[in-house]
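*Asks:* I would like the atomic coordinates for the input below:
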Amino acid sequence: MSEQSIPAIQHLTMDNVRAEFEGGFARQNLYQVYIDDGWGTASDGTTPFIAHLDANDLQGVYRVYWDTTFKRLLSFSCSNATLPSSTYATGEVKDNFQGVTQEFAHTRINTDIDFTFYIDRNYTVLMFFEAWINFISGGNSGPLNLDEPSIYDNNISNYYRRFQYPKHYKNSTGFYITKFEKNYGIPGETNITYQLINSFPKTITTTPLQYGEAEVMRVTVTMNYDRYRIFRGTPTDPTSNTILGPGGIPDPTAGANDLPSNATVG
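*Replies:* This is a model prediction of the structure:
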């Protein structure tokens with residue numbers, strides 16, 4: 001039997017810790033969540049979800065205007081986020097080797113992610129996600145151009161829901177989670193960006209209302225998604241869907257849907 005080489009124990013000192021972890025450790029409180037356009041378009045070139053937000057019979061309820069100002073509010077309001085995680089569903093094989101059980105991966109599963117947002121005094125952040133949830137399950141005659149009951153009609157005994165096509169309610173490219181450090185914006189900066197593909201809200205839950213000490217209201221949104229991509233550095237500017245090169249300089253040779261060489265797929 002050949003002798004097994006076992007790694008030696010590394011001598012731990014403050015000097016070699018500083019050398020190995022140059023710049024320190026990543027901090028969990030430096031991040032940004034950004035939601036941009038990514039919902040599918042209809043055959044006439046319009047975006048059904050945006051049309052839902054802007055519908056005359058619903059604007060009095062939602063009062064959400066999908067513009068740069070609201071996108072910034074939505075981004076700044078995210079008080080809690082989680083980076084994507086993955087797991088594999090496996091199958092067991094017991095008869096390849098006698099007495100040995102083996103597992104093999106057959107399906108990659110991306111678990112849902114919870115995001116918590118502060119609710120502004122005009123409730124626009126809350127109503128944005130309510131509008132997204134309402135759009136998924138239909139029931140609004142104006143945006144659907146169908147003879148269907150509105151969710152706000154009174155005395156409807158036969159109310160039902162018609163679900164939208166997934167390509168219309170899933171945000172295919174516009175959901176970003178960027179983790180950065182204190183050196184952001186200066187040479188040598190370090191950051192990573194996760195892009196959720198085909199994301200949509202699966203659950204929304206608001207904080208309970210109660211008497212006592214006043215606290216800021218929050219809404220927790222559970223997002224489902226098909227997969228994710230990881231960008232090392234800042235390859236994409238979410239505000240313009242422009243592929244960026246080293247140092248954040250726009251790359252004129254890259255298209256908006258190109259996959260940079262420093263991206264990995266999850």
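*Asks:* surely residue 66 meets residue 51?
*Replies:* No - at 10.4 Å, residue 66 does not count as touching residue 51 under the criterion of CB atoms under 8 Å. Just so you know, the C-beta spots here come from the backbone N, C-alpha and C atoms, and that holds for glycine as well.
*Asks:* could you give the mean pLDDT of the biggest helix by length in the chain?
*Replies:* Selection of the longest helix in the chain by residue count, based on DSSP state H, yields helix 124-136. Helix 124-136 comes out with an average pLDDT of 94.
*Asks:* for it, name the packing helices and strands.
*Replies:* Judged by 3 or more CB pairs under 8 Å, 6 or more residues apart in numbering; DSSP states H and E, the packing partners of helix 124-136 are helix 48-54, helix 56-62, helix 68-76, strand 113-118, helix 166-169, strand 200-206, strand 218-224.
*Asks:* angle of that helix against helix 68-76?
*Replies:* With axes from the mean of the first three to the mean of the last three CA atoms, to 10 degrees applied, the angle from helix 124-136 to helix 68-76 works out at 100 degrees.
*Asks:* list the contacts of helix 124-136.
*Replies:* Helix 124-136 is contacted by residues 48-49, 52-53, 58, 61-64, 70, 73-74, 77, 117-119, 140, 143, 151, 163-164, 168-169, 200-201, 204, 206, 217, 219, 221 when judged by CB atoms under 8 Å, 6 or more residues apart in numbering.
*Asks:* give me the distance from it to the chain's centre.
*Replies:* Taking the mean of its C-alpha atoms, helix 124-136 sits 15 Å from the chain's own mean (CA atoms, centre = their mean, to the nearest Å).
*Asks:* repeat for stretch 4-15
*Replies:* Distance of stretch 4-15 from the chain centroid (CA atoms, centre = their mean) equals 40 Å.
*Asks:* ok, now stretch 212-223?
*Replies:* 19 Å.
*Asks:* and it, end to end?
*Replies:* 31 Å (CA to CA, to the nearest Å).
*Asks:* so which bits of it are buried?
*Replies:* By 16 or more other CB atoms under 10 Å, the buried positions in stretch 212-223 come out as 217, 218, 219, 220, 221, 223.
*Asks:* ok, now stretch 109-118?
*Replies:* 110, 113, 115, 116, 117, 118.
*Asks:* over to stretch 21-37?
*Replies:* For stretch 21-37, using 16+ other CB under 10 Å, the buried residues are 32, 33, 34, 35, 36, 37.
*Asks:* for the residues you listed, which one is nearest residue 182?
*Replies:* Minimum distance to residue 182 across the buried residues of stretch 21-37 is 13.9 Å, recorded for residue 32 (CB to CB).
*Asks:* what is the end-to-end distance of stretch 114-125?
*Replies:* End-to-end distance (CA to CA), stretch 114-125: 15 Å.
*Asks:* ditto for stretch 213-231
*Replies:* 42 Å.
*Asks:* give me the distance between it and the centre of its chain.
*Replies:* In terms of CA atoms, centre = their mean, the centre of stretch 213-231 is found 7 Å from the chain centre.
*Asks:* now what about that stretch, what contacts it?
*Replies:* In this structure, residues lying in contact with stretch 213-231 by CB under 8 Å, 6+ apart are 79-80, 84, 110, 112-119, 125-126, 129, 170, 175, 192-207, 259-260, 262-266.
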